[in-house]
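[1] Quick one: sequence and predicted model below, then my questions.
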Amino acid sequence: METSFKLTRIVRTQSSEIFLIWDGERRIGQADIHYANDTIHATIIFEVDLSVAEEEELLAQIDDDIVSSYLPRFDREDFVAHVFRGEEISRYTDSSGPLEDFEEEDGEDEEDDEDEEE
């Protein structure tokens, strides 16, 4: 079966995974999957509106490509997915790495403020 969505893993632990969901070059959501013995739980957040058929196609793809590789349908008790619609409004990190992106934005704002004062 040809699928139209691309799933990119960004985090993997012993009991969970996080995937970004792409439609071509556009990020359309995120899937957080948690493995709890015989039941797999997923939280899926869409950043765009999808049709019911597209949602069902994506859930089937997640089940086939990810969940079933951990625990096949005949071995598991349940696969429970909670689907939400939302948007990323910010990102926070404890990382001590460079904050160049934030510094550029702050610098642009300061220049704009200076221009307005003159």
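    Ah, there it is.
[2] Now Leu71: closest residue in space, sequence neighbours ignored.
    Closest residue to Leu71 in three dimensions, ignoring its sequence neighbours and counting by CB to CB, 6 or more residues apart in numbering: Ile40, at 6.6 Å. Yep, even glycine has a C-beta here, placed from its N, CA and C like the rest.
[3] just so I have it, where are all the helices in this structure?
    For the chain, the helices defined by DSSP state H cover 52-62, 68-70, 100-117.
[4] And the second one, what's buried?
    By 16 or more other CB atoms under 10 Å, the buried positions in helix 68-70 come out as Ser68.
[5] start at 51 instead
    Yes, from this point I'll number from 51; that puts the last item at helix 118-120.
[6] how near is the residue nearest the centre of the chain to Arg59?
    When CA atoms, centre = their mean is applied to the chain, the residue found nearest the centroid is Gln80 (1.6 Å). The gap separating Gln80 from Arg59 is 11 Å, by CB to CB, to the nearest Å.
[7] end to end, how far does stretch 90-108 reach?
    Stretch 90-108 has an end-to-end distance of 16 Å (criterion: CA to CA, to the nearest Å).
[8] and the residue nearest to the centre of the chain, what does it touch?
    Gln80 makes contact with Ile68, Phe69, Leu70, Ile71, Ile94, Ile95 under the criterion CB atoms under 8 Å, 6 or more residues apart in numbering.
[9] for Lys56, same thing?
    By CB under 8 Å, 6+ apart, the contact set of Lys56 is Ile71, Trp72, Asp73.
[10] which among those gets closest to Glu137?
    Ile71 (13.8 Å; CB to CB).
[11] separation between Val133 and Asp144?
    As for Val133, its distance to Asp144 is 29 Å (criterion: CB to CB).
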